[in-house]
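**Q** Pasting a predicted model and its sequence here:
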Protein chains: 2
Amino acid sequence: MNLLLLEDTDRRDDGTWRVTGRRAEHIRRVLGLDTGDALRAGLLNGARGTARVRDRDAEGAVLDFEAERAAPEPLPLRLILALPRPAMLRRTLIDATSLGIKDLVLVHSHRVEKSFWQSPELEADKIREKLLLGLEQAGDTLLPRVHLQRWFRPFVEDELPCFARDSRCLLAHPGDDAAMPCDLTEAVTLAIGPEGGWIDHEVDWFREQGFACVGLGERILKVDTALPTLVGRIMRLV
Amino acid sequence: MNLLLLEDTDRRDDGTWRVTGRRAEHIRRVLGLDTGDALRAGLLNGARGTARVRDRDAEGAVLDFEAERAAPEPLPLRLILALPRPAMLRRTLIDATSLGIKDLVLVHSHRVEKSFWQSPELEADKIREKLLLGLEQAGDTLLPRVHLQRWFRPFVEDELPCFARDSRCLLAHPGDDAAMPCDLTEAVTLAIGPEGGWIDHEVDWFREQGFACVGLGERILKVDTALPTLVGRIMRLV
């Protein structure tokens, strides 16, 4: 946790903030902070700044917070990801968030097992928990939006044109396709397939929506390795 | 497992190959192959090609192998990594291997807990196991060399000049440093620090050896996220 996130519900009438549970544990056990000590903090979907421990008790900590600067700039990259298996979903969500992605669609694909959609990991509060972990890691405050799309074709035909509007559309696809470009200056929509890749029909549907197939060379990467590899390549650093 | 790796010790006098254990299980259970069926295979440190099941029994499978093409080109990237915590080491080794890195130094650093060096995960056969998993994932055959360097300063002063010779030397370092360049045409030596980063002294020592500090922006990434992010950026795709 490189940033303590404060939520509206932590705010008290006197303008101070009270945190309990995991965050209070972090203040007490991991950081070993006492009254008067300061730590990096941020308001969820708001500014970053400094929190100072005003008071501590067995269950929680009361903090003052002073805003200092805006959240890091969102990465201009929208991500479409074939739903990963539940064991991989946690890491994928945390990584996507810590890399700065703010719009993420989890979509069905022919090679996604239908049972993955039954996973309790897809419940809204479970997803939110991972997004918060990613923000805390990165030192970011802006919660990503995650959209679940259980039906591939209606998504691609009806929702994708709007989701991907005004962006360069890239489909990560192993094979002899063009090399993934790097350091892109424009907004990008990137689609990453499941283990085994998109099937031909799916590739065709993406292509009809203006997506270009790009690859990372001949080595086959797991989805959770491919995600940061692709994002690292695309992201523009200034 | 996208490639079945055959080792010298699997070779029989009649020129066929016999695999047991995890690889035989993969042929039987995961792929469900029978006599006459084919799968992608490769010789460890040798060619890639096709294996065909000649015979199966309860413990193993006998295969014919036909070489077809060379291993993928090694990534021209040497990696120096502050020893990650044992729980992160597995993933880091597998990822580095599947990305195509062939030379990897695990080095001590001020912020690496000394106890990490006692981990059984650092035993040669445990490391080799992870490298094989990375190769099987990527479809590669060339085993990386992993060097353990328990003493930071002797490594940097005595061994690093040779390890990093004739390469562009980059030190991944969060902060206001120059942006990590991308799509590099020359050979690169990349050094990635521990959680919390290299300390100032360590940065100075690397700088004295010709390393330039580069960053990925203001978000803080875990080492196992930073590794593919950095490699994806650096790697040249043709």
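**A** That came in fine, so what should we check first?
**Q** How far off centre is the worst-scoring helix or strand of chain A on mean pLDDT?
**A** The weakest-scoring helix or strand in chain A, judged by mean pLDDT, DSSP states H and E, is strand A:178-179 (a mean of 88). Relative to the centre of its chain, strand A:178-179 is centred 25 Å away, using CA atoms, centre = their mean, to the nearest Å.
**Q** which helices and strands sit right next to it?
**A** Other helices and strands packing on strand A:178-179, by 3 or more CB pairs under 8 Å, 6 or more residues apart in numbering or on different chains; DSSP states H and E, are strand A:212-215. Quick note: C-beta positions are derived from backbone N, CA and C, even for glycine.
**Q** Using CSV, write out every CA atom in stretch A:195-215.
**A** Taking Å, rounded to 0.1, in the frame of the first residue of the first chain, the C-alpha atoms of stretch A:195-215 are listed here in CSV:
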residue,chain,number,x,y,z
GLU,A,195,-5.7,-18.4,-23.4
GLY,A,196,-5.5,-19.8,-26.9
GLY,A,197,-6.4,-16.5,-28.5
TRP,A,198,-9.5,-15.2,-30.2
ILE,A,199,-11.1,-17.5,-32.8
ASP,A,200,-11.2,-16.4,-36.4
HIS,A,201,-14.8,-15.2,-36.3
GLU,A,202,-14.1,-13.0,-33.3
VAL,A,203,-11.1,-11.5,-35.1
ASP,A,204,-13.3,-10.8,-38.1
TRP,A,205,-15.9,-9.0,-36.0
PHE,A,206,-13.2,-6.9,-34.3
ARG,A,207,-11.7,-6.1,-37.8
GLU,A,208,-15.1,-5.0,-39.0
GLN,A,209,-15.1,-2.5,-36.2
GLY,A,210,-11.8,-1.1,-37.3
PHE,A,211,-9.4,-3.1,-35.1
ALA,A,212,-5.9,-4.0,-36.5
CYS,A,213,-4.2,-7.2,-35.4
VAL,A,214,-0.8,-6.8,-33.8
GLY,A,215,1.5,-9.2,-32.1
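**Q** And that stretch, what's buried?
**A** For stretch A:195-215, burial by neighbour count (16 or more other CB atoms under 10 Å in any protein chain shown) applies to A:197-198, A:202-203, A:205-206, A:209, A:211, A:213-215.
**Q** Put together JSON lines for those residues, with pLDDT on each row.
**A** Output for the buried residues of stretch A:195-215, formatted as JSON lines (pLDDT from 0 to 100):
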{"residue": "A:197", "pLDDT": "91"}
{"residue": "A:198", "pLDDT": "94"}
{"residue": "A:202", "pLDDT": "96"}
{"residue": "A:203", "pLDDT": "96"}
{"residue": "A:205", "pLDDT": "96"}
{"residue": "A:206", "pLDDT": "97"}
{"residue": "A:209", "pLDDT": "95"}
{"residue": "A:211", "pLDDT": "97"}
{"residue": "A:213", "pLDDT": "94"}
{"residue": "A:214", "pLDDT": "93"}
{"residue": "A:215", "pLDDT": "91"}
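**Q** check the residues you listed against chain B, which are close?
**A** residue A:215 (CB under 8 Å from any CB of the partner chain).
**Q** residues in contact with residue A:138?
**A** Listed by CB atoms under 8 Å, 6 or more residues apart in numbering or on different chains, the contact partners of residue A:138 are A:2-3, A:72, A:97-100, B:219-221.
**Q** Quickly note the distance from residue A:171 to chain B.
**A** In this view, residue A:171 and chain B are 15 Å apart by CB to the nearest CB, to the nearest Å.
**Q** Give me the helices and strands touching the helix or strand where that residue lies, please.
**A** Assigned by DSSP states H and E, residue A:171 belongs to strand A:168-172. Judged by 3+ CB pairs under 8 Å, 6+ apart, strand A:168-172 is in contact with strand A:188-192, helix A:200-208, strand A:212-215, helix A:223-234.
**Q** What mean pLDDT does that strand get?
**A** In this model, strand A:168-172 has an average pLDDT of 96.
**Q** what about the closest residue to residue A:37 other than its chain neighbours, which SS state?
**A** Excluding its sequence neighbours, the residue lying closest to residue A:37 (CB to CB, 6 or more residues apart in numbering or on different chains) is residue A:53, at 5.1 Å. Following DSSP: H, G, I helix; E, B strand; the rest coil, residue A:53 is assigned to strand.
**Q** what pLDDT does residue A:53 get?
**A** 97.
**Q** Equivalent analysis for the one 4 residues further on, please.
**A** Looking at residue A:57, its pLDDT reads 86.
**Q** For residue B:229, see how far away it is.
**A** 40 Å (CB to CB, to the nearest Å).
**Q** Please apply the same query to residue A:76.
**A** Going from residue A:76 to residue B:229 by CB to CB gives 16 Å.
**Q** ditto for residue A:186
**A** 20 Å.
**Q** now do residue A:118
**A** On the measure of CB to CB, residue A:118 and residue B:229 end up 32 Å apart.
**Q** likewise residue A:45?
**A** To residue B:229, residue A:45 is 24 Å away according to CB to CB.
**Q** Neighbour count: these two, which is higher?
**A** residue B:229 (26 against 13; other CB atoms under 10 Å in any protein chain shown).
**Q** nearest residue to that one other than its sequence neighbours?
**A** Closest to residue B:229 by CB to CB, 6+ apart is residue A:232, at 3.4 Å.
**Q** all strands for chain A, in order.
**A** If DSSP state E is used as the criterion, the strands of chain A fall at A:4-6, A:17-20, A:38-43, A:48-56, A:60-69, A:77-82, A:103-107, A:145-149, A:168-172, A:178-179, A:188-192, A:212-215.
**Q** Worst mean pLDDT among these?
**A** strand A:178-179 (a mean of 88).
**Q** Would you confirm that residue A:65 contacts residue A:46?
**A** No. Taking contacts as CB atoms under 8 Å, residue A:65 lies outside contact range of residue A:46: 9.9 Å.
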